[in-house]
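Undergrad: here is a sequence together with a model predicted from it:
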Amino acid sequence: MRLLHELRNSEAYEIAEKALAGEELSRQEGYALIESDNLFLLGALADELRRRQVGDIVTFVVNRQINYTNACVSACDFCAFYRTPESGEAYTLSIEEILEKAAQAAREGATELHIVGSHNPELPFEYYEEMLREIRRHFPALHLKAFTATEIAFFSKNFGMSVREVLSRLKEAGLKSMPGGGAEILDEELRKKLCPGKASAKEWLSVMRTAHELGIKSNATMLFGHVESLRQRVDHMLKLRELQKTTHGFMSFIPLVYHPENTPLKRSMPELMRTSALDVLRTIAVARVLLGDSFRNIRAYWVMLGKKLAQVALHYGANDLDGTVVEERVAHAAGAKTAQLATREELISLIREAKRIPAQRSTDYEIIQRWG
Ligand code: V47
């Protein structure tokens, strides 16, 4: 059959054979995969590698996000969430307000708080320590996953402390792991254009290395679908793969779909649209194949993908749907139309309908409960 003949003679087919034989793919092979238009082959390959690596269980976490402040001096072009510290729309939650949100999460059975903010020069370091200490004192069972690597780099500069000291003090106060935000695209030139006011790619990776050395595990994200090239996505993944080989500290990889509405970038490029569903699936599949054995967990973050596309992504290499979330501000400020909350039942049913086994996990991917 012509279809199969053409497939067998394609470069993507050869690369797929290599990946299936368990070999690590090179940068050039990564480029060829992401540039190949054979989404079926890519999806089938990613799905098979996912099955071998983690089986048919698809996980989620019962969690709550808390965005403690939006006042920010970094002014990234892709961000609709931040406000300048002088703006009348800037806010900072008090420790009491944060504790109320934590109490609600605990009542609803959450096991994790995901706490991130912006780069707010007006808060003292004690605010962060007290936030963690107080939550830990009142709700010791909640895992505190907090502060992106760019926030940590900002604290280090703002308070004149080394990254190691910042992380050690936060760990002492109750920090258990770190989310993967702020990675954007780990390319120095692109960052100079999009986010010159915050940590460089080198600094982001260095904060993560230090965190992992201190026993603080983390996730890694990639913000895609704006002005980056397909090859820059591959380069980004390879930087993560390299670091992971030495630290083994990343728990999961989370591709974040760029939402353009209300962002400075969209104002300067009105033609910028949200990327297509096919581009999302291709990127998730390439992540599963290229990150190989180094990353067990590839997340389909439903808040940014939408629940239906996140479900499809479970057949393109993803094995995790993130969590119940409850309140999300970054993507919603930039035009996300998804709900802010997913119930446990909803996540279970999305996973079941994808013919996978739903399981609730802890932040560090221990299974808490599975269904069927
Ligand atoms: O750091 C900013 C990105 C991140 C936009 O590690 C945008 O468990 C889309 O990192 N459109 C925050 N994305 C989200 C994040 C995250 C989410 C869920 C789980 C985890 C985890 C991490 O969102 C930011 C930035 O990279 N972002 N602006 C935008 N307009």
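TA: That came through, no problem.

Undergrad: what's the helix or strand hosting Phe155 in contact with?
TA: If you go by DSSP states H and E, Phe155 is part of helix 149-159. Applying Cβ atoms under 8 Å, 6 or more residues apart in numbering, the external contacts of helix 149-159 come out as 74, 116-119, 121, 125, 128, 147, 161-163, 165-167, 170, 178, 181-183, 198-199, 203-204, 207-208, 211, 218. C-betas here are computed from N, CA, C, even on glycine.

Undergrad: name the nearest residue to the residue in the stretch 101-250 of the chain that the ligand sits nearest to, ignoring sequence neighbours.
TA: In the stretch 101-250 of the chain, no residue comes nearer to the ligand than Gly181, which is 2.6 Å away by Cβ to the nearest ligand atom. Excluding its sequence neighbours, the residue lying closest to Gly181 (Cβ to Cβ, 6 or more residues apart in numbering) is Thr148, at 3.9 Å.

Undergrad: quick one, what contacts the one you found?
TA: Val116, Met178, Pro179, Gly180, Gly181, Gly182 are the contacts of Thr148 under Cβ under 8 Å, 6+ apart.

Undergrad: where does the fifth one fall, phi/psi-wise?
TA: Right, the one you point to is Gly181. Phi and psi for Gly181, reported as degrees, to the nearest 10, are phi -70, psi 170.

Undergrad: around the ligand, pick out the residues from the chain.
TA: Counting by Cβ under 6 Å from any ligand atom, the chain comes close to the ligand at 78-80, 114, 148, 179-182, 184, 219, 221, 223, 254, 256, 258-259, 263, 301, 304, 322, 330-331, 334.

Undergrad: so which of those are in strands?
TA: Assigned to strands by DSSP state E, the following of the residues of the chain next to the ligand qualify: His114, Asn219, Thr221, Leu223, Ile254, Leu256, Asp322.

Undergrad: now render the residues you listed as TSV, adding pLDDT and neighbour count.
TA: Formatted as TSV, these follow (pLDDT from 0 to 100; neighbours: other Cβ atoms under 10 Å):
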residue	pLDDT	neighbour count
His114	98	26
Asn219	98	25
Thr221	98	21
Leu223	98	24
Ile254	98	25
Leu256	98	21
Asp322	96	24
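
Undergrad: closest one of these to Thr84?
TA: Leu223 (21.3 Å; Cβ to Cβ).

Undergrad: for the chain, identify the residue most remote from the centre.
TA: Met1 (41.4 Å; Cα atoms, centre = their mean).

Undergrad: what pLDDT does that residue get?
TA: pLDDT recorded at Met1 is 70.

Undergrad: which residues touch it?
TA: By Cβ under 8 Å, 6+ apart, the contact list for Met1 is empty.

Undergrad: again, but for Val312
TA: By Cβ under 8 Å, 6+ apart, the residues touching Val312 are Ala277, Leu281, Ala354.

Undergrad: and it, what are its phi and psi?
TA: phi -60, psi -40.

Undergrad: give me the contact list for the least confident helix or strand in the chain by mean pLDDT.
TA: The least trusted helix or strand in the chain, going by mean pLDDT, DSSP states H and E, turns out to be helix 2-8, with a mean of 77. Under the contact criterion Cβ under 8 Å, 6+ apart, helix 2-8 has outside partners Tyr13, Asn38, Leu41.

Undergrad: could you redo the last one with a cut-off of 6 Å?
TA: Contact with helix 2-8 is made by Tyr13, as judged by Cβ atoms under 6 Å, 6 or more residues apart in numbering.

Undergrad: one step back: quick check: the gap between the residue farthest from the centre of the chain and the ligand.
TA: 42 Å (Cβ to the nearest ligand atom, to the nearest Å).
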